[in-house]
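Undergrad: Would you be able to build a 3D model of this:
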Amino acid sequence: MRRYILDGDEMRIRVCMVTGFRPTPSGGGMEKHVYELVCGLLARDVDVQIVCEDRSHLPDPVNGLAGRIIGLPPESLDQEEPMPMDRWVPLYEEKSRRFAEMLDPSSFDIIHSHSHYGRDIALRLSAMDHRPALINTFHLTPVGQLERFRALGLPAPEGAPIDRAVSDMEATAARLSDRSIAVSHGVQREVCTYYGVPDERVPVIYNWYDPGNFDVHLRPEARDKLALDPHAPYLLYIGHFKQHRGKLMAEAMRRLPPEVRLLVIHPEGDPEIAAEFGGRILFCGYQTPEQLGLYYAAADLQCFPTVYSGFGLVLVEGMACGCPPVVFNYSAMNEIVTSDSGYIADEPTAAAYADAIRRALQDGGAKCHAAVERSRRFRMDWQIDRVVDLYREVLVQETRPIRETRSVPRLIKQQRAEGVVHD
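TA: Presented below is the predicted three-dimensional model:
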């Protein structure tokens, strides 16, 4: 049982968790992370309430934390499907503002926000004489991705204007927080460099996997349960074929032998890709964590063809199931995957990626055991214990960080002028 002591009294920690959507076991990367974190905190006798938009980001019917949600009704937001590009930033700002209006700071010891959703909460708390401690977790930084693309000479992503606006929101949250958790050392460097936060206020607590869902299965048994060819070479890709990583994945498949098949996990299909590749690409739709573990075990390799990631949750899930990944040699992939536990392509091209896949398939599963061993560094219970320890640390500190009254996003604008951050 985890408790903290102030003024000689033993007290239960009260946390308000702030995230974009309803936390569920497979509702999306951040939502899944928050779901597992909240469940872990409750198991450690930390009281948690959740402020979020009350719907799942991905089609996950599970709502196991319903009784703890302070929900923002989706229909009350100015949104539509599909969302026009120029409406995303106003929506993010509206959610951040309304989240700040919904919570009662006096009811909590800690406000723990995620990404840009904590901007207005941080501004509200910064004006209070007596306030809860404020923690913000950064799962990536949008400006980090833009800088990676620029450094590699790649065209800016379609959503670059949105990313810049979100980075301004994140900078405010980061600068006004007592601690900013980074999910990798790559994200830590970005928060310190681009958001101007001292490194002593940016601890690294890695993301994790749930060993209850992701464990080693025998490949023949997994393929039998999924009705897959017992002898065919299978790759696993979690994502769509839009944007840079999806286009690179498709181009890599064009360069691979025709017997190589790709299992795609994503709620939506892609008619153009299906028409081009036919039976070589199998769209498997949405999968529960339990089923996803079988797909990891059934595949020879996991493809993660992105040049930027804050962590790569699916990497450690797949490795825990004995599925070595193929990645590019950039953070945070090269923090998670070693040359012993996976395959690393040094050049960010489809040709280099396809070559790495060919070499990996020729290895005949030689790195499966090392992948499992590597994944154990990211066990869920260890990382959640570190979050609770951080809560205790900020609660007993006597002073809060000095808060600047100037507009925090001005920092990024200044860095753009100085060439640290580029438009």
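Undergrad: Show me which residues of the helix or strand where Arg98 lies are buried.
TA: Per DSSP states H and E: Arg98 is located in helix 88-102. By neighbour count with 16 or more other Cβ atoms under 10 Å, helix 88-102 contains the buried residues 88-89, 92-96, 99-100. In this view, the C-beta of every residue, glycine as well, is placed from N, C-alpha and C.
Undergrad: ok, residues contacting the next helix or strand after that helix?
TA: Proceeding C-terminally, helix 88-102 gives way to strand 110-114 as the next helix or strand, assigned by DSSP H and E. Strand 110-114 is contacted from outside by 13-20, 30, 34, 103, 105, 118, 121-122, 125, 132-137, 139, 173, 177, 391, 394-395, using Cβ atoms under 8 Å, 6 or more residues apart in numbering.
Undergrad: Only whichever of the residues you listed are buried, select them in PyMOL.
TA: Command for PyMOL that selects the buried part of the contacts of strand 110-114, burial taken from 16+ other Cβ under 10 Å:
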select buried, resi 13+15+16+17+18+19+20+30+34+103+105+118+121+122+125+132+133+134+135+136+137+139+173+177+391+394+395
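Undergrad: Tell me which of the contacts of strand 110-114 fall in helices.
TA: Those of the contacts of strand 110-114 mapping onto helices are 30, 34, 121-122, 125, 173, 391, 394-395, per DSSP state H.
Undergrad: So which elements touch the helix holding Arg98?
TA: Helices and strands touching helix 88-102, by 3 or more Cβ pairs under 8 Å, 6 or more residues apart in numbering; DSSP states H and E, are strand 47-53, strand 69-72, helix 119-126, helix 160-176.
Undergrad: which one of these lies closest to Leu292?
TA: Nearest to Leu292 among these is strand 47-53; the distance by Cβ to Cβ comes to 23.0 Å.
Undergrad: gap between Arg280 and Cys303?
TA: 13 Å (Cβ to Cβ, to the nearest Å).
Undergrad: Ok, Leu58 next?
TA: Distance of Leu58 to Cys303, computed by Cβ to Cβ: 20 Å.
Undergrad: Distance from the chain centre to stretch 250-265, please.
TA: Chain-centre distance of stretch 250-265: 25 Å, with Cα atoms, centre = their mean, to the nearest Å.
Undergrad: List the buried residues in it.
TA: Those would be 250, 252-253, 256, 260-265, for stretch 250-265 by 16+ other Cβ under 10 Å.
Undergrad: between the helix holding Arg98 and strand 110-114, how big is the angle?
TA: Going by axes from the mean of the first three to the mean of the last three Cα atoms, to 10 degrees, helix 88-102 is angled at 170 degrees with respect to strand 110-114.
Undergrad: what inclination does helix 88-102 have with respect to helix 160-176?
TA: 30 degrees.
Undergrad: Helix 88-102: how far from the chain's middle?
TA: 20 Å.
Undergrad: How about stretch 311-328?
TA: 13 Å.
Undergrad: Now do the contacts for His244.
TA: By Cβ under 8 Å, 6+ apart, the contact set of His244 is 149, 154, 157, 306-307.
Undergrad: swap in Glu170?
TA: With Cβ under 8 Å, 6+ apart, Glu170 has these contacts: 115-116, 119, 138, 141-142, 195.
Undergrad: go again using 6 Å as the cut-off
TA: If a contact means Cβ atoms under 6 Å, 6 or more residues apart in numbering, then Glu170 has His116 as its contacts.
Undergrad: What distance do you get for it to Val191?
TA: In terms of Cβ to Cβ, Glu170 sits 8 Å off from Val191.
Undergrad: Asp109 now?
TA: For Asp109, the distance to Val191 - Cβ to Cβ - is 24 Å.
Undergrad: try Leu395
TA: Plainly put, Leu395 is 22 Å away from Val191 if you go by Cβ to Cβ.
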